[in-house]
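A.B. asks: Turn this into a model:
(2 chains)
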There are 2 protein chains.
Amino acid sequence: MIKKFDFHKFKSPYEKMKRAELGERLAKLQRLVKNKKIPVLIIIDGWESSGKGFVLNDLIRELDPRSYKVSVFDKPTDEENERSFLWRFWSKVPKKGDMAIFDRSFYFDIMNKISIEADELKRDIRDISTIEKQLHDDNTIIIKYFLHVKEKTQKERIDELTNHKYSELLVTDRDIQQNQNYKNYCKHFDNILKLSSFRYSPWNIISGEDLKNASKTILGMTIDLIQEGMERLEAKDNNNEGYIRGHDAKVKPLENVDLSLTIKQDYYESKLKKLQKEAQKIAYKMYAKGIPGIIVFEGMDASGKGGAIQRLTGFMDPRGYYVVPTSAPNETEKQHHYLWRFYRDHPAKGNIAIFDRSWYGRVLVERVEGFAKINEWVRAYEEINQMEKHLHNFGTFVLKFFIYIDKDEQLKRFRDRENEPDKEYKITDEDWRNRKKWDSYIEAMNEMLVRTDTDYAPWIIIEGQDKKYARIKVLQEFIKHAKNHFKI
Amino acid sequence: MIKKFDFHKFKSPYEKMKRAELGERLAKLQRLVKNKKIPVLIIIDGWESSGKGFVLNDLIRELDPRSYKVSVFDKPTDEENERSFLWRFWSKVPKKGDMAIFDRSFYFDIMNKISIEADELKRDIRDISTIEKQLHDDNTIIIKYFLHVKEKTQKERIDELTNHKYSELLVTDRDIQQNQNYKNYCKHFDNILKLSSFRYSPWNIISGEDLKNASKTILGMTIDLIQEGMERLEAKDNNNEGYIRGHDAKVKPLENVDLSLTIKQDYYESKLKKLQKEAQKIAYKMYAKGIPGIIVFEGMDASGKGGAIQRLTGFMDPRGYYVVPTSAPNETEKQHHYLWRFYRDHPAKGNIAIFDRSWYGRVLVERVEGFAKINEWVRAYEEINQMEKHLHNFGTFVLKFFIYIDKDEQLKRFRDRENEPDKEYKITDEDWRNRKKWDSYIEAMNEMLVRTDTDYAPWIIIEGQDKKYARIKVLQEFIKHAKNHFKI
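C.D. replies: A predicted model of the protein is given here:
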């Protein structure tokens, strides 16, 4: 990509065009993109002191500031360091109709880590590929630029900046190190660029030797690539009907659930506190060791998720965990990839986030009620696995509970709730609506349990007919899996 | 408050009650509060090692974790340090129907700063009083506890924790310092507690000598105080009709605007770039000096806010500013105080946030269209002034532009927009709706311009009939005020 880059031959058809005209065209395109509600992500990466700031400035000059946003990525902050490395990027990806321009990007960490192990590099790039693929599949136009300069040019720019009034803001140790080890960095970047030039988001190498030309080239290419992207999306829209999904999973985990399991009141009482104290200790240990945890609760309506969560956390220090209740996405959330809002709630190191319903809504309610298109929810199984893998790679303990009750039990509980004045809020029209589609839900749940049950984020099915049994089992399984995870 | 606190006499009627019963009662109350959509904020502050964690744990044991959230405040993070000290608390205040429990609170900084100057302390407490008052007026029930222990007890607890397996997590320098300077801290805390025991949010001093009793007392008092709060809110609801507002402002700034002002094309062109470069330099300087900036744009629909913003930022480094477009609040935002969403977008040190419409919507569209009740928007003038003062205290440069055009000019621009295919999105039904209430808007704008024009956040009225004139004036005024602010 850059190792054998021929600066001499780098010519672009845009160099001869008028700067102002290109700017106007991009501004028009921005309005079009806004109207069509297409998100656009433009990444400007490259050598330090290669002129990224200059081209970025020029790129946005004519744009309407109300629908683009520039995000600058430097060393992660405290808060960002507490979470997996993709976390800070997810919060900045563009919503529908907006342009997000990233100064540096997902590649920041690995580019600066010249002595990274090959395995770690591959793993990180695999994780990066998932965010780019997922955004691409969600109709984002992704454009990646790498600004390339010669060793000598970089040196000159660094010298120039060092003489600048605000040089301490402009030149960092990174600049100097890169220049002093130019050859090694060149090899390192070349490797990264090759590994991460995905079909759906290839790198564009731009010579930064003449910045005015570079700037024009980026303007021109951006216009072309957005147009190409829009064509792709139109073609895709027309193709949508032809989507054929694979066979249904044959294994149906919910068929084998033994709903007759119960425990006695006195056993429950003697066990509960003991287990809660053990769960408390585990949460404490996670806090001390800085291990983040994610516990997902899914299940039928009225299956007892709330009660199980309450018992699980009964003795945990409230400063170490929080519950994320999940309902239908709000307007802002709908403007984003469906995983976006869940990323926001990922726990920091040492914290446990308990999701009362979760991203699995995509393959449950959104599938059954038709809120997601078939290709969207079919794709979601893999996307979810990728996100959970990414969390696992960061060291997050991920565990998922599915609480199962049968149709009669649900009816009984709905009726109970309707009759208890202060539990009324727990039963809604939506619950009755979902109940009517019981069989479709069972089908979707079975498929979910098969396709997203992984070593790094297993599903535990909880027999929920007897609430006490369910609560004890949740505690026991949490303790068992946690101990296993931390090898304690 | 605590200096002469008699530990011996501290007895509460709750001590004799059953713990489990109190817990159940609070859980019921939580459901009631949820149904009535009342936000509840409980603050647990106090000496280090006084047992805050213990009572907090006990307080939430029976609560439904889906509608409370615990926030622990310790030293501010990087991100928090970049903003005014109230910023991090605003993001955690409870939404309607939720309980937020704060472990430490707004008082964290001042409590830990024993040698704080009297003036600084007063200023900070004044700022704190505004958040408590504003939340209170917005129907939040605020309950503040201070856990008080004797010097000897604190010492014993510290010693105990020091022997704990995870002692480095549990005991900090703060604990030891407080104990070694117990008398001075006692005086310092006493002073703070006195100054911040507001009518609408008084402190409750709780003896932490016997933690089980303390815990019961806090449970019992919380129940009583929530009930009292609910009664107050009901009474307030019934009183609402009786609200009488003060006189209208007599000064009407918009009456004296000279809309005939224009400039020539060649003057515009010769000036624009020069001013833009100067604005760029100022933004740069703000970045270097770590000064945050807030520029507000308000004005009629189609008055040219977007174009003016574009010209103002034309040469600024996009890494140093961002534009916040403001539309109607979404569902989540509606669950909070109207200032909440704007706090979220407050700039970090060195950054400029440009608000395209803003919190002034409260006294403009929300007033005119009746989205806010009369007492709500009348109160808002003062609340807004308080927020801007708080920003000013932090060193933020705040400047507000109001672009004015007359009714005929607006009609002309609406028609132009309708005829231009790629500007169509700029004109909506809402624009036509607002236009019908032109005179009411003028009245609201006049009042706003009078009541919120302050030394620390002045309004600049821009004659907007001639777009070029307006753009040049915005640049000139920005430069002038900024230079004045930084004394350059």
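A.B. asks: does chain B sit close to the longest helix along chain A?
C.D. replies: Using DSSP state H, we find that the single longest helix of chain A is helix A:211-239. No - judged by C-beta under 8 Å from any C-beta of the partner chain, helix A:211-239 and chain B are separated, with a smallest distance of 13.5 Å. C-beta here means a position set from N, CA and C on the backbone, and glycine is covered the same way.
A.B. asks: What residues of the next helix or strand after that helix count as buried?
C.D. replies: Counting by DSSP states H and E, the next helix or strand C-terminal to helix A:211-239 is helix A:265-289. Neighbour counts over helix A:265-289 (16 or more other C-beta atoms under 10 Å in any protein chain shown) mark A:268, A:271-272, A:275-276, A:278-280, A:282-287 as buried.
A.B. asks: related to what we said a few turns ago, how about the longest helix of chain A, which residues are buried there?
C.D. replies: A:211, A:213-223, A:225-226, A:229-230.
A.B. asks: pLDDT of that helix, averaged?
C.D. replies: Throughout helix A:211-239, pLDDT has a mean value of 91.
A.B. asks: Which other helices and strands does it contact?
C.D. replies: helix A:19-36, strand A:40-46, helix A:52-60, strand A:141-148, strand A:203-207 (3 or more C-beta pairs under 8 Å, 6 or more residues apart in numbering or on different chains; DSSP states H and E).
A.B. asks: how near is residue A:86 to residue A:338?
C.D. replies: Distance of residue A:86 to residue A:338, given as C-beta to C-beta, to the nearest Å: 16 Å.
A.B. asks: And for residue A:361?
C.D. replies: For residue A:361, the distance to residue A:338 - C-beta to C-beta - is 8 Å.
A.B. asks: Also residue A:54?
C.D. replies: Residue A:54 is 37 Å from residue A:338, by C-beta to C-beta.
A.B. asks: Between the two, which has more neighbouring residues?
C.D. replies: Taking other C-beta atoms under 10 Å in any protein chain shown, residue A:54 and residue A:338 do not tie; residue A:338 has more neighbours (22 against 16).
A.B. asks: what about the nearest residue to that one once chain neighbours are set aside, neighbour count?
C.D. replies: Distances taken as C-beta to C-beta, 6 or more residues apart in numbering or on different chains put residue A:362 closest to residue A:338, at 5.3 Å, once the chain neighbours are dropped. Other residues near residue A:362 number 21, with proximity taken as other C-beta under 10 Å.
A.B. asks: what bits of the stretch 201-350 of chain A have low per-residue confidence?
C.D. replies: Counting by pLDDT under 70, the stretch 201-350 of chain A contains low-confidence ranges at A:238-249.
A.B. asks: Quick one: name the residues of it near chain B.
C.D. replies: With C-beta under 8 Å from any C-beta as the criterion, the stretch 201-350 of chain A meets chain B at residues A:284, A:287-288, A:306, A:309-310, A:313-315, A:317-319, A:322-323, A:325, A:330-332.
A.B. asks: from these, which ones fall inside helices?
C.D. replies: Going by DSSP H, the helices hold A:284, A:287-288, A:306, A:309-310, A:313, A:331-332 from these.
A.B. asks: Of all pairs in those residues, which one spans the longest distance?
C.D. replies: A:288 and A:331 (40.1 Å; C-beta to C-beta).
A.B. asks: Can I have the buried ones of the residues of the stretch 201-350 of chain A next to chain B as a PyMOL selection?
C.D. replies: The PyMOL selection below is limited to those of those classed as buried (16+ other C-beta under 10 Å):
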select buried, chain A and resi 284+287+306+309+310+313+314+315+317+318+319+322+323+325
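A.B. asks: Now the residue nearest to residue A:338. Its backbone dihedrals?
C.D. replies: Main-chain torsions, residue A:362, degrees, to the nearest 10: phi -60, psi -40.
A.B. asks: repeat for residue A:383
C.D. replies: Backbone torsions for residue A:383, taken as degrees, to the nearest 10, come to phi -60, psi -40.
A.B. asks: Can you tell me the closest non-neighbouring residue to residue A:19?
C.D. replies: Using C-beta to C-beta, 6+ apart, the closest residue to residue A:19 is residue A:216 (6.1 Å).
A.B. asks: now swap in residue A:280 and tell me
C.D. replies: Of all residues not flanking residue A:280 in the chain, residue A:315 sits nearest, at 4.0 Å (C-beta to C-beta, 6+ apart).
A.B. asks: follow-up on the earlier one: got the contact list for the residue nearest to residue A:338?
C.D. replies: By C-beta atoms under 8 Å, 6 or more residues apart in numbering or on different chains, residue A:362 lies in contact with A:338, A:372, A:376-377, A:380, A:384.
A.B. asks: TSV for those residues, including secondary structure and distance to residue B:14?
C.D. replies: Formatted as TSV, these follow (DSSP: H, G, I helix; E, B strand; the rest coil; distance: C-beta to C-beta, whole Å):
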residue	secondary structure	distance to residue B:14
A:338	coil	47
A:372	coil	51
A:376	helix	54
A:377	helix	52
A:380	helix	50
A:384	helix	47
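A.B. asks: and of those, the nearest to residue B:401?
C.D. replies: Of all the contacts of residue A:362, residue A:338 has the smallest distance to residue B:401: 38.5 Å, by C-beta to C-beta.
A.B. asks: list the contacts for that closest one?
C.D. replies: Taking C-beta under 8 Å, 6+ apart, one finds A:329, A:359, A:361-362, A:366, A:372, A:380 in contact with residue A:338.
A.B. asks: same question, residue A:48
C.D. replies: A:154, A:158, A:172, A:174-175, A:178-179.
A.B. asks: any idea which of those is least confident?
C.D. replies: The minimum pLDDT among the contacts of residue A:48 falls on residue A:172, with 86.
A.B. asks: Just read off the phi/psi values of that residue.
C.D. replies: Torsion angles, degrees, to the nearest 10, at residue A:172: phi -120, psi 170.
A.B. asks: For chain B, see how far away residue A:439 is.
C.D. replies: Distance, residue A:439 to chain B, by C-beta to the nearest C-beta, to the nearest Å: 28 Å.
A.B. asks: Where does that residue fall, secondary structure wise?
C.D. replies: Assigned by DSSP H and E, residue A:439 belongs to helix A:438-451.
A.B. asks: do the same with residue A:121
C.D. replies: Secondary structure from DSSP H and E places residue A:121 in helix A:118-137.
A.B. asks: same for that helix, what does it pack against?
C.D. replies: helix A:108-112, strand A:141-148, helix A:182-195, helix A:374-394.
A.B. asks: Just name the most buried of the ones you listed.
C.D. replies: The highest average neighbour count among the helices and strands packed on helix A:118-137, using mean count of other C-beta atoms under 10 Å in any protein chain shown, belongs to strand A:141-148 at a mean of 24.
A.B. asks: Within its sheet, name the partner strands of it and how each one runs.
C.D. replies: Using DSSP bridges, strand A:141-148 pairs in its sheet with strand A:40-46 (parallel), strand A:203-207 (parallel).
A.B. asks: Spell out which parts of the stretch 51-200 of chain A neighbour chain B.
C.D. replies: A:53, A:56-57, A:60-61, A:64-67, A:69-70, A:72, A:77-79, A:101, A:103, A:166, A:169.
A.B. asks: May I see the domains of chain A written out as residue ranges?
C.D. replies: A:19-238, A:253-486 (automatic domain parsing).
A.B. asks: could you say which helix or strand contains the closest residue to residue A:24 other than its chain neighbours?
C.D. replies: Excluding the flanking residues, the one nearest residue A:24 by C-beta to C-beta, 6+ apart is residue A:62, at 6.1 Å. Following DSSP H and E, there is no helix or strand that holds residue A:62.
A.B. asks: Hmm, residue A:26 and residue A:62 touching each other?
C.D. replies: Yes - using C-beta atoms under 8 Å, residue A:62 is in contact with residue A:26, at 6.4 Å.
A.B. asks: and residue A:96, what does it touch?
C.D. replies: Residue A:96 is in contact with A:37-39, A:335-336, counting by C-beta under 8 Å, 6+ apart.
A.B. asks: hmm, try it at 7 Å
C.D. replies: By C-beta atoms under 7 Å, 6 or more residues apart in numbering or on different chains, residue A:96 lies in contact with A:37, A:39, A:335.
A.B. asks: Is it possible to mark the buried ones in those residues?
C.D. replies: Buried among these by 16+ other C-beta under 10 Å: A:39, A:335.
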